[in-house]
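Engineer: Structure for the following, please:
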Amino acid sequence: MGKTIALIVAGGRGVRAGGEIPKQYRTLGGVPLIRHTIGQFANHPLIDGICVVIHPDDRALYDTAARGFDLIEPAMGGPSRQDSCRNGLEVLSDHSPLNVLIHDAARPFVGADTISRVIEAISETTPAVIAALPVADTLKKADDCQRVQSTVDRTHLWHAQTPQGFKYAEILDAHRLAAGQNLTDDAAVAEAAGLTVTLTLGNPENLKVTTAEDFASAERNLVPIPDFRTGTGFDVHPFEDGDHVMLCGTKLAHDHGLAGHSDSDVGLHALTDALLGTICAGDIGSHFPPSDPQWRGVDSAVFLRHAAGLVRKKGGTIRHIDLTLICEAPKVGPHRDKMRARLAELLSVPLERISVKATTTDGLGFLGRREGIAAQATATILFG
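Structural biologist: Now for the predicted structure:
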C-alpha cells in the first residue's frame, strides 16, 4: 500500500442528530453523509488508501453508502471513539502505511486544501499534525449557575478539527499505550505518549455534523454559490463614404458608412468582446484577424454567434446583455426595439434580457465631431 492512508471513523451512534439511523448514514443532499466524506479523500491525489471504522451493526448501511469506492475492508469499532481508532490502526498494519490521517466521518466538507496541508506537514520531526482554527470569539468561564466568573485569554487557543495526521508507527504505539484511558481526540493520545503535536490551518467550512441544526447548516453548504461572470467590450469605427451603417445587426440609412474590415458593426464587435471576456478567450481580433481576407465585408453576426457558442461550450448561460451606442448620428431610438430583437435572435436570449441604449458626447471629441461611432457592451453569464 502507498504512503498515506485515510482512516475515517464512523462507529458512533450520532444520537444528538436525531433520526432513525446513525447520522453518518443519513442523507445530505440526497446522498449519505459518510459518502460525501469518503469522496473528499477518494478524490485527493495524496491519499493512497481509505479504511472506514464502522459499528458492527452498520455493515449493510456502510456497504450501500460506500458502493463504488475502492476501499480497504472496514474495521469494526469499539465501545469508544478511542477504541475504534485503535482498532482501525491495527487493521492498517497489514498495509504498512508511512502516514495515517484520522478523520471524523461527520465532517463532510473538509476540503482538499486542508487535507494537503496536513499531509505535507507530517515529517520525521513533526510526527503529529492537526488541522485547527484559531479561536476568534471572546471566551467566558462560568460557574454551575451560568454566572460568568472570568474572561479567558484566547491567545494561543485553537479549535481542533480533523483530519489529524501522524506517522503511522508512532500513533499506533501511542494508542496502544493509551488503551483504557478516556482521551478526547487522537492529538490528545499523541500528547499523552510524549509526541509533539503541530497545528496547521484548517477550514472554516469543515463543520462537524452533530445536531439536527448542523444537518440544516450542512444542507445549505451543499447549495452551490452561483458562478456569475461579467465581461465588457468596447469598440469604435470611423465614418467613411457610404449610405448606411450596420448597428446591432440592423441596417440604418445614413449619409456615411463605417470603415472596417468586416461590416464594421461596432455594436456586435463590442458585444463579441464582452462574451469572450467572460471565458478569458482573448478578443475578437484573435479569433478573426483583420489581416485575413476571408473576413472582409462579412456579417458580424458570425463573430457574435461564435463567441456565444464558446460561452455555451464552457457551460455558460447568457443572463443579460447591456449595450450602449455612442454617437451624434444616426438616431438610435427609433431602431432600438429592432436592434434588441436582432440581438435576442442571434444569442437565443429572451428579449427582456437585452438592453440597448444610446448616448452622445455632447459635441466633445471625435465622436462629438461626428467622425465615428463607439459602442460599450456588458455581458452577464451564469456558469454551472
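Engineer: Show residues contacting stretch 120-139.
Structural biologist: Residues outside stretch 120-139 that contact it (CB atoms under 8 Å, 6 or more residues apart in numbering): 46, 99, 110, 114, 117-118, 151-152, 154, 157-167, 170-171, 185, 187, 190, 195-204, 206. No exception for glycine: its C-beta is placed from N, CA and C like everyone else's.
Engineer: quick one: which of these sit in helices?
Structural biologist: With DSSP state H as the criterion, helices contain 114, 117, 118, 170, 171, 187, 190 from among those.
Engineer: need those in TSV with neighbour count, distance to residue 130 and pLDDT, can you?
Structural biologist: As requested, these are arranged in TSV below (neighbours: other CB atoms under 10 Å; distance: CB to CB, whole Å; pLDDT from 0 to 100):
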residue	neighbour count	distance to residue 130	pLDDT
114	23	11	97
117	18	11	97
118	28	7	97
170	18	14	97
171	27	11	98
187	23	5	97
190	26	9	97
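Engineer: Give the helix, strand or coil label for residue 340.
Structural biologist: Taking DSSP: H, G, I helix; E, B strand; the rest coil as the rule, one finds residue 340 in the helix state.
Engineer: what's the burial count for it?
Structural biologist: 20 (other CB atoms under 10 Å).
Engineer: Go through the ones in helices among the contacts of stretch 120-139 and name the one nearest residue 220.
Structural biologist: Using CB to CB, residue 114 comes nearest to residue 220 of the ones in helices among the contacts of stretch 120-139, at 19.8 Å.
Engineer: contacting residues around the closest one?
Structural biologist: 131, 161, 163, 201, 202, 203, 206.
Engineer: Out of those, which comes closest to residue 63?
Structural biologist: residue 163 (23.8 Å).
Engineer: Show me where the stretch 1-150 of the chain has its helices.
Structural biologist: Using DSSP state H, counting those that start in this stretch, the helices of the stretch 1-150 of the chain run over 33-42, 59-65, 81-92, 112-121.
Engineer: how about the ones you listed, which one is nearest residue 269?
Structural biologist: Here helix 112-121 is closest among the helices of the stretch 1-150 of the chain (CB to CB), at 41.0 Å.
Engineer: where in the protein is pLDDT low?
Structural biologist: By pLDDT under 70, the weakly predicted segments of the chain are 1-2, 14-19.
Engineer: For residue 73, see how far away the nearest residue to residue 118 once chain neighbours are set aside is.
Structural biologist: Of all residues not flanking residue 118 in the chain, residue 165 sits nearest, at 4.2 Å (CB to CB, 6 or more residues apart in numbering). Separation of residue 165 from residue 73 (CB to CB, to the nearest Å) stands at 22 Å.
Engineer: out of those two, which sits in the busier spot?
Structural biologist: Ranked by neighbour count (other CB under 10 Å), residue 165 and residue 73 place residue 165 first, with 30 against 8.
Engineer: Pull the distance from stretch 316-323 to the chain's centre.
Structural biologist: 22 Å (CA atoms, centre = their mean, to the nearest Å).
Engineer: hang on, I meant stretch 32-45
Structural biologist: Relative to its chain's centre, stretch 32-45 lies at 16 Å (CA atoms, centre = their mean).
Engineer: Can you list the buried residues in it?
Structural biologist: 32, 33, 34, 35, 36, 37, 38, 40, 41, 42, 44 (16 or more other CB atoms under 10 Å).
Engineer: Equivalent analysis for stretch 345-352, please.
Structural biologist: 346, 347, 349.
Engineer: List the contacts of that stretch.
Structural biologist: 249, 301, 304, 305, 308, 318, 321, 340, 341, 343, 344, 354.
Engineer: biggest separation within these, which pair?
Structural biologist: 305 and 340 (16.9 Å).
Engineer: got the contact list for residue 108?
Structural biologist: Contacts of residue 108 (CB under 8 Å, 6+ apart): 28, 33, 34, 36, 37, 40, 209, 218.
Engineer: at 7 Å what do you get?
Structural biologist: 28, 33, 36, 37, 209, 218 (CB atoms under 7 Å, 6 or more residues apart in numbering).
Engineer: Likewise for residue 242?
Structural biologist: 256, 257.
Engineer: Distance-wise, check it relative to residue 334.
Structural biologist: As for residue 242, its distance to residue 334 is 20 Å (criterion: CB to CB).
Engineer: Surely residue 152 touches residue 141?
Structural biologist: Yes. With contact defined as CB atoms under 7 Å, residue 152 counts as touching residue 141 (5.5 Å).
Engineer: which of those two has more neighbours?
Structural biologist: residue 152 (12 against 9).
Engineer: who's that one bridged to?
Structural biologist: residue 139 (DSSP bridges).
Engineer: distance of it from residue 331?
Structural biologist: 72 Å.
Engineer: got the CA positions of the longest strand along the chain in PDB?
Structural biologist: Longest strand of the chain, by residue count under DSSP state E: strand 227-240. Written as PDB, here are the backbone C-alpha positions of strand 227-240 (Å, rounded to 0.1, in the frame of the first residue of the first chain):
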ATOM      1  CA  ASP A 227     -20.800  31.400 -10.700                       C
ATOM      2  CA  PHE A 228     -21.700  34.700 -12.300                       C
ATOM      3  CA  ARG A 229     -19.100  36.300 -14.600                       C
ATOM      4  CA  THR A 230     -19.200  39.700 -16.200                       C
ATOM      5  CA  GLY A 231     -17.400  40.700 -19.400                       C
ATOM      6  CA  THR A 232     -17.000  44.100 -21.000                       C
ATOM      7  CA  GLY A 233     -16.200  45.100 -24.600                       C
ATOM      8  CA  PHE A 234     -15.500  48.400 -26.300                       C
ATOM      9  CA  ASP A 235     -15.100  49.200 -30.000                       C
ATOM     10  CA  VAL A 236     -15.000  52.200 -32.200                       C
ATOM     11  CA  HIS A 237     -15.100  52.700 -36.000                       C
ATOM     12  CA  PRO A 238     -14.600  55.900 -38.100                       C
ATOM     13  CA  PHE A 239     -17.000  57.000 -40.700                       C
ATOM     14  CA  GLU A 240     -16.200  56.700 -44.400                       C
END
